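Enquirer: Pasted the sequence and its predicted model underneath.
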Amino acid sequence: MLADTHVPKRAHDLPALVWDAVEAADVVVHAGDWVDVALLDALEARSRRLLACWGNNDGPDLRARLPEVARAEIGGVRIAVVHETGAAAGREERCAAAYPDTDVLVFGHSHIPWDTTTPTGLRLLNPGSPTDRRRQPACTYLTLEARNGRVEDVALHRLPPRR
């Protein structure tokens, strides 16, 4: 899972470790703020399957090809992907109300990793950013396994500093 890649503004390309993870994944999820359509083209070419939405920094060319909210059932898990969910305060309640038919909501925008579960069982995941750590100690992305209607092995991956 990726978000807030901001290529080529924050980095010329995704880190090699991220491309390795993309090529190993059954499904790649991107929660917006691509900035340039060239990265979308590259991820489509190198992914087995891509589930993605546009973000607030994405122009008309990306918005023409991506939805505001992407949805799919993967391994029996209902996943939605959106860029923005609003302020951290009250996020669980807002998202549970807005996505009642969803098991996992992947979002971006803040560049801050997030992993919580609402009282209704909705899992909220933000992978952070693999290219722009902002106030975080490292750039990040997430992986998980979805099978038999369950989410397993959620892992936050911290990338080494860029040289």
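Expert: Received it, and whenever you're ready, just let me know what you need. Numbering: from 1, shown residues only.

Enquirer: show me the contacts for Asp101.
Expert: By CB atoms under 8 Å, 6 or more residues apart in numbering, the contact set of Asp101 is Arg78. (Glycine included, C-beta is placed from N, CA and C.)

Enquirer: got it, and the one 4 residues further on?
Expert: The contact partners of Leu105, by CB under 8 Å, 6+ apart, come to 79-82, 85, 95, 99, 122-125.

Enquirer: now these as JSON lines including pLDDT, neighbour count and secondary structure?
Expert: Shown next, in JSON lines, are the contacts of Leu105 (pLDDT from 0 to 100; neighbours: other CB atoms under 10 Å; DSSP: H, G, I helix; E, B strand; the rest coil):
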{"residue": "Ile79", "pLDDT": "98", "neighbour count": "24", "secondary structure": "strand"}
{"residue": "Ala80", "pLDDT": "98", "neighbour count": "22", "secondary structure": "strand"}
{"residue": "Val81", "pLDDT": "98", "neighbour count": "27", "secondary structure": "strand"}
{"residue": "Val82", "pLDDT": "98", "neighbour count": "24", "secondary structure": "strand"}
{"residue": "Thr85", "pLDDT": "97", "neighbour count": "22", "secondary structure": "coil"}
{"residue": "Cys95", "pLDDT": "98", "neighbour count": "23", "secondary structure": "helix"}
{"residue": "Tyr99", "pLDDT": "98", "neighbour count": "21", "secondary structure": "coil"}
{"residue": "Leu122", "pLDDT": "98", "neighbour count": "22", "secondary structure": "coil"}
{"residue": "Arg123", "pLDDT": "98", "neighbour count": "19", "secondary structure": "strand"}
{"residue": "Leu124", "pLDDT": "98", "neighbour count": "20", "secondary structure": "strand"}
{"residue": "Leu125", "pLDDT": "98", "neighbour count": "24", "secondary structure": "strand"}
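
Enquirer: of all the residues you listed, which comes closest to Leu51?
Expert: Val81 (5.8 Å; CB to CB).

Enquirer: Going by residue numbers, what spans are strands in the chain?
Expert: For the chain, the strands defined by DSSP state E cover 28-30, 50-52, 69-74, 77-82, 104-106, 114-117, 123-126, 140-147, 150-158.
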